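Chemist: Give me the fold of what follows.
(2 chains)
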Amino acid sequence: DARVTQTPRDKVTEMGQEVTMRCQPILGHNTVFWYRQTMMQGLELLAYFRNRAPLDDSGMPKDRFSAEMPDATLATLKIQPSEPRDSAVYFCASGKTGDPYNEQFFGPGTRLTVL
Amino acid sequence: EDQVTQSPEALRLQEGESSSLNCSYTVSGLRGLFWYRQDPGKGPEFLFTLYSAGEEKEKERLKATLTKKESFLHITAPKPEDSATYLCAALTSGTYKYIFGTGTRLKVLA
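Modeler: Residues are numbered from 1 along each chain as shown, chains lettered A, B, ... in the order given. Coordinates of the predicted model:
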């Protein structure tokens, strides 16, 4: 049963600290998405990769957030320095481009709390 | 500006009481309209993709329909296990961007 995995599942940190979240997409999927979910804003797209290349990161605060795909099995989202307003659940999703494979498969999320 | 709006924000139904959830979209070209279910503490789970106006898809007690401006998720004779947040998302053509609505929180009472 192929699944997207994310680590850590929960992270509590103090303001100013660096946070790194990791995602392993489903094998064979060529698109990876990072989302942030809060009660107020819902799901917000932060970054989107296709074939490991960043295609859209317009939703990401550039001064503190960065997203990379060092290889096809790993995507990372880094926040440095973290701030209390970054507290949210961060989801990674993967999928395939090309109809009819545009659905996304979501991981379980990383719950981040910045104190 | 591309936008997806869901209504109502929250819905309480008695078991067996059928209803519909609405997803209105304004996007610069629709490549696909997606419905997801999200349970508390979990990631969204894919339900349906609709590609063109007039298309319908069904799965158990759920049926999704699509027009040129909105999509409906019809829930027939719901059960308590259907309680969840239902999200819709529009995939825009050209920019290939997913835009999610804020969801409808559904509670089905036994």
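Chemist: Stretch B:42-52: how far from the chain's middle?
Modeler: 8 Å (Cα atoms, centre = their mean, to the nearest Å).
Chemist: buried set for that stretch?
Modeler: Going by neighbour count (16 or more other Cβ atoms under 10 Å in any protein chain shown), the buried part of stretch B:42-52 is B:43-44, B:46-50. Just so you know, the C-beta spots here come from the backbone N, C-alpha and C atoms, and that holds for glycine as well.
Chemist: same question, stretch B:84-93
Modeler: For stretch B:84-93, by 16+ other Cβ under 10 Å, it's B:84-92.
Chemist: Show me the buried residues of stretch B:42-52 that map onto strands.
Modeler: Using DSSP state E, B:46-50 are the members of those that sit in strands.
Chemist: So which of those is the closest to chain A?
Modeler: Here the nearest of these to chain A, counting by Cβ to the nearest Cβ, is B:Phe46; it sits at 4.5 Å.
Chemist: Touching, that closest one and B:Tyr36? I think so.
Modeler: Yes: counting by Cβ atoms under 8 Å, B:Phe46 does reach B:Tyr36; the two are 5.8 Å apart.
Chemist: For chain A, list the residues in contact with chain B, please.
Modeler: Contact residues (Cβ under 8 Å from any Cβ of the partner chain) of chain A with chain B: A:4, A:33, A:35, A:41-43, A:45, A:48, A:55-56, A:91, A:93, A:97, A:99-100, A:102-109.
Chemist: hmm, 6 Å instead?
Modeler: A:42-43, A:91, A:102-103, A:106-109 (Cβ under 6 Å from any Cβ of the partner chain).
Chemist: Mind picking the lowest-pLDDT entry from the residues you listed?
Modeler: Lowest pLDDT within the residues of chain A next to chain B is found at A:Asn102 (76).
Chemist: For chain A, give me its nearest residue in chain B.
Modeler: Closest point on chain B to chain A, by Cβ to the nearest Cβ, is B:Gly43, at 3.2 Å.
Chemist: For the residue nearest to that residue when sequence neighbours are not counted, give me the backbone phi and psi.
Modeler: Distance criterion Cβ to Cβ, 6 or more residues apart in numbering or on different chains; nearest residue to B:Gly43, sequence neighbours excluded, is A:Phe106 at 3.2 Å. Taking degrees, to the nearest 10, you get phi -90, psi 150 for the backbone angles of A:Phe106.
Chemist: So what sits opposite A:Phe106 in the bridge?
Modeler: A:Ala93 (DSSP bridges).
Chemist: same thing with A:Asp10?
Modeler: Bridge pairing for A:Asp10 - DSSP bridges - gives A:Arg111.
Chemist: A:Thr110 contacts A:Thr20, doesn't it?
Modeler: No: using Cβ atoms under 6 Å, A:Thr110 makes no contact with A:Thr20, being 9.9 Å away.
Chemist: so who does the closest residue to B:Lys59 other than its chain neighbours touch?
Modeler: Nearest residue to B:Lys59 in three dimensions, chain neighbours excluded: B:Leu47, at 6.5 Å (Cβ to Cβ, 6+ apart). For B:Leu47, the contact set (Cβ atoms under 6 Å, 6 or more residues apart in numbering or on different chains) comprises B:35-37.
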